[in-house]
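**Q** Show me the folded form of this:
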Amino acid sequence: MSVQTKLLKAMTYSKGLRVGTLDGYERLIAGIYGRPDRVPVILQPYTYAMGMHGLSAKKFFTEAKPFINASRNMAAYFGVDFWSPVFDFYNIELDALGQKLIWRESSEPDVDTREPLITTEDDLKHLKPPVPGRSGRMPYVVEAYERYVDIMGLPPMGYCCSPFTMAVLIRGYVNFLRDMRRNPSFAHRLMEFLTMEVVVPWVDKIVEVTNTSIVVMSDAWASAPNMTTPMVREFCLPYVEKVIKATNSAMRTVMDSGSWGEKDVKDPREILDVKMEMMTRGNGFRSLRPFFLLVWNEDYEAVGIQPIRAYAEANKVCLMLNVRPNLIEEGPVPRIVETVVKLLSEGAGNDRFVLLINLVPIGTPVEHAHAVVAAAKQFGSYPIGSPDPSTFRMPEFKPFEDWLVKEGMPVD
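**A** Numbers count the residues shown, from 1 in each chain. Here you go, the predicted model:
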């Protein structure tokens, strides 16, 4: 079945024409647009996949085959509905520009904040745009995406860094904050360069390689309390809109969905409104777009799930909530199950909901990750009602090492 046929099947299923059964990808699409059979569970394998296979960070984040195969193994072992290859997407464009990174043995690389690439205005004049797909570790990402398509037969969800967060990382937080206040013309020139010379060509390359229908810009620094809402509106949103207008199409949705901070403002709707604009500005045919409102556990635990759910319903958009990573790590299983049930019963509503496992810390017992997925599958069927977590049944599963021998893909 072609991807287009699967999309059509999922979208019609979500609106009530329930023909056949859904696979994981179809369940995700149906969950974004309406009501699937049950809540879809999606995974970002990331460093847990690295740790499960005993890979070094250097190998995992520079070699496409072990990166993709280890990520696929993790997703298949836990039985999630959908996964996308998640690398250190805040660093790829910066690395391609020449920004120095700090490498560690068992975690993703970080920008070396002691040596920002842009220290003066003159540095911007001499900065050369990367060659999309060829500079820095961009070839690693391109090959990883190609391998994903070959293995899965589906396009991944593409990821890149937003111009605003890139500006903070390449200039330094204090320096860029000062630029916005004292030298806004330079801040805007930097944003224009990063938008049109770096992000737009990179998004086009991602789409060329994958034919994906969704590319997400992540924007950690465009968040409270790091930045005020007026700063985000002046220096971030206009450039998000420029990226979207330059790269999207009727069959491709590009959006920014990486900020947070609802708990850090008086009225959470202030941040939720900004998030909606990060998705919608520049995107036509909005009712047909696969928008999802992503709210992180730090925020929904503080402000409550129900008001966020009400906001998503009022704006007719899918709500996506993650499971708190240190809960998955620490457990115990009954507490994990109770939390998943709470997320389902308060967050899922009647439709348009996705449960995200965005991070599993290295060293987490596999039983804990299995419990998240199993609880979502057991209690996430629509209509959800009021599930009783005490009835949870942990499914049988093989030790990962045994599973890997018979069903895993090689990472050597």
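**Q** So which residues of the stretch 151-300 of the chain form strands?
**A** 158-161, 214-218, 253-256, 292-295 (DSSP state E, counting those that start in this stretch).
**Q** List the neighbouring strands of the second one plus their orientation.
**A** To tie it back to what came earlier, the one meant is strand 214-218. If you go by DSSP bridges, strand 214-218 pairs up with strand 158-161 (parallel), strand 253-256 (parallel).
**Q** Among the ones you listed, which comes closest to Leu356?
**A** With Cβ to Cβ, the closest approach to Leu356 among these belongs to strand 158-161: 13.6 Å. From N, CA and C alone the C-beta is placed, and that goes for glycine too.
**Q** any residues touching the closest one, and which ones?
**A** The contact list for strand 158-161 (Cβ atoms under 8 Å, 6 or more residues apart in numbering) reads 84, 86-87, 89-94, 145, 169, 199, 202-203, 206-207, 210, 212, 214-218.
**Q** With distance to Asn350 and mean pLDDT as extra columns, can I get the strands of the stretch 151-300 of the chain in JSON lines?
**A** Shown next, in JSON lines, are the strands of the stretch 151-300 of the chain (distance: least, Cβ to Cβ, whole Å; pLDDT from 0 to 100):
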{"stretch": "strand 158-161", "distance to Asn350": "30", "mean pLDDT": "96"}
{"stretch": "strand 214-218", "distance to Asn350": "24", "mean pLDDT": "94"}
{"stretch": "strand 253-256", "distance to Asn350": "24", "mean pLDDT": "94"}
{"stretch": "strand 292-295", "distance to Asn350": "16", "mean pLDDT": "96"}
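**Q** Please convert these to a markdown table, extending it with mean neighbour count.
**A** Below are the strands of the stretch 151-300 of the chain laid out as a markdown table (neighbours: other Cβ atoms under 10 Å):
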| stretch | mean neighbour count |
| --- | --- |
| strand 158-161 | 25 |
| strand 214-218 | 23 |
| strand 253-256 | 26 |
| strand 292-295 | 22 |
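**Q** Out of the ones you listed, flag the one nearest Thr247.
**A** Closest to Thr247 of these, according to Cβ to Cβ: strand 253-256, at 4.9 Å.
**Q** Tabulate the CA atom coordinates of the closest one in CSV.
**A** Output in CSV follows, covering the C-alpha atoms of strand 253-256 (Å, rounded to 0.1, in the frame of the first residue of the first chain):
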residue,chain,number,x,y,z
THR,A,253,3.9,20.9,6.4
VAL,A,254,6.8,22.7,8.0
MET,A,255,6.2,24.0,11.5
ASP,A,256,7.9,25.0,14.7
